[in-house]
Every structure is written in structure tokens, then in C-alpha cells.
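**Q** fold the following and give me the result.
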Amino acid sequence: MGDAVPVRCPVCRRTHVYTASAYPCRCGAPVAPPLVRGAPADPITHLTWSDAWVTVRCRACGRQNQSPQPELGCPCGTVLRLPVRPVTAAGTEPDAATATATGSCGPGPAADGPSTSDAATAPGGSAGPGPQPPPAAPVRPPFTPVTIRTARDVVTAAARYLAWLGFRDLVQPEEQRPVLAYGIELRGSGLIAQVDPTTRPVPLRAVECLWLEGLAASSAAVCFSLAGYEPEARARAAGVGLPLFVMDLTGSPQPVNPPAQALVAQGA
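**A** Below is the predicted model of the structure:
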């Protein structure tokens, strides 16, 4: 959980204590939106999907993730949006006073003394270790596709492909969870997958529900579709790092966004 901050409703003047919920990063570390202590909360009069998410950085691995925008419901009926410190390009976050007073997320004045680069090149100094090479790609045999003739073939091909990527203990739950009603659910060790064997593109809501289900279960989420994805669904999946695959009639899943390409390159 994040830090508890006091929040005053501008409508009824009640003061509440709010703690931002933490969601697991893909590295496993909990990540909570950093709230700006002392900044006024804004009443929400109109809500859009873009306003419902904020970008936060994982302090453990540095990855940027999408997290639900912190909101607080006051007993007077007002819903408040709580300010969150913006993510900066350098990976630092402004303090509350700076963020509240200026609304800027840029770095402050440079501190006195030698910079990191000066210290690394100063006489007698020693440079730190260089950048580490990326991990080697896993060695896998060629994937054996399953020719698509029925909806069951689509699910079978997706399950085989997930096993080929390295996911284990794959099963199809006997009872379909209502939140994943847009396709057929597959589960494995650290995995939630949705397979849509229909001839309609996967909508935005299906991607949102699958991603939130993965967050709640601290599992990777992957989506397969026979008919592709709506543009809004593809954009949201790219923003939250959800791998999307499209299935052709030969039964060979193809990655359609960068998170899917990374999953193919790195494996489970």
C-alpha cells in the first residue's frame, strides 16, 4: 500500500485519510501511485478512459506501468481525483512542495559539487560497471501449429503456443469468470490468457478487463484473437504492456504489438 495522506473535500470540507492501492509490477514488486501530500483534490464531473489511468514507475526495476487514477468517494456524494506526482524522464519525482506550487515535474537546480560524470572521470576515480548485456534469447524448437477448423482448434493452438513460450500447468477453468466473458479463459502458473475464437474484433473493454484480472492475480495476461482487435483495444494494450496475438487459419499466432514481440523474444 502507498502512504496515507489527508484529503479535504472542497464541497463539504470533510477531511479524509486516503491510502493509494498498490498493484504488482511485472517484476513482482508492489507499485502504488505517489500521491502529492497537501495538494487539493479535484471533484470529478466527467470521467473518460484517459483520465482513469496514471503512469507510475516501479522503484525496483524502473519499468513504467499504468495504474488506476486514485479516487475517493466522499459521503456528501462528491467523487474526488487525487493528484499524483508525474513520472519524469530521468526517473526522479518532484517533492510535494514543488509539484504543488509549480505543477512542474522537471529537475531542480543542480547541487554544488562534482557531477556523477565528473566523479567517474576524475583522476584517481574509478568508473562504475558498464551496461550489462541483454539476456540471451531462449532456445526453443520450431512451433508446431494446429490447423484452425473450429473454435476449439483456436483454443488448442493458443494453449500449445503458450506452452511453447514456456508457460506451465495450462488448464481451461471449468467455470468461466464473468470478467473474462469476451473469450475462453486459459490459466497457468503465473498466467491468465484470453482466447477469442469469434469473427469479431476484440473490443477495448475486453483488454481492460483482462489486464485488471492479471493485476489482481499478480499474473501475466495474454490475449489471442482470430479476428484482430479494435484500434482502441490495441492502443490500450500497448499502453499497459499487454501482449496481443492474432491467429491465422494455419494456427500460427502472430504478435501484433511490442509487448507480444518482447514475450516471443524473451519467453515466459
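**Q** ranges for the helices of the chain?
**A** 96-102, 116-121, 151-165, 204-217, 231-240, 258-266 (DSSP state H).
**Q** compile those helices into JSON lines and extend it with columns for mean neighbour count and distance to I192.
**A** For every residue, glycine as well, the C-beta is placed using N, CA and C. JSON lines is the format used below for those (neighbours: other C-beta atoms under 10 Å; distance: least, C-beta to C-beta, whole Å):
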{"stretch": "helix 96-102", "mean neighbour count": "15", "distance to I192": "35"}
{"stretch": "helix 116-121", "mean neighbour count": "10", "distance to I192": "41"}
{"stretch": "helix 151-165", "mean neighbour count": "20", "distance to I192": "11"}
{"stretch": "helix 204-217", "mean neighbour count": "19", "distance to I192": "5"}
{"stretch": "helix 231-240", "mean neighbour count": "18", "distance to I192": "14"}
{"stretch": "helix 258-266", "mean neighbour count": "16", "distance to I192": "14"}
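**Q** in a markdown table: the ones you listed, plus mean pLDDT.
**A** Formatted as a markdown table, the helices of the chain follow (pLDDT from 0 to 100):
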| stretch | mean pLDDT |
| --- | --- |
| helix 96-102 | 42 |
| helix 116-121 | 42 |
| helix 151-165 | 91 |
| helix 204-217 | 90 |
| helix 231-240 | 91 |
| helix 258-266 | 90 |
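**Q** low-confidence ranges, the protein, go.
**A** 1-2, 47-51, 89-138, 176-181 (pLDDT under 70).
**Q** hang on, the earlier thing: closest to E174 out of the helices of the chain?
**A** helix 151-165 (14.1 Å; C-beta to C-beta).
**Q** mind listing residues that contact that closest one?
**A** 140, 143-148, 170, 172, 184, 186, 188, 191, 193, 195, 197-198, 222, 224, 226, 245, 247, 251-253, 263-264, 267-268 (C-beta atoms under 8 Å, 6 or more residues apart in numbering).
**Q** swap the cut-off to 7 Å and go again
**A** Helix 151-165 has contacts (C-beta atoms under 7 Å, 6 or more residues apart in numbering) with 140, 143, 145-148, 170, 172, 184, 186, 188, 191, 193, 195, 197, 222, 224, 226, 247, 251, 253, 263, 267-268.
**Q** just those: which are in strands?
**A** Using DSSP state E, 184, 186, 188, 191, 193, 195, 222, 224, 247, 253 are the members of those that sit in strands.
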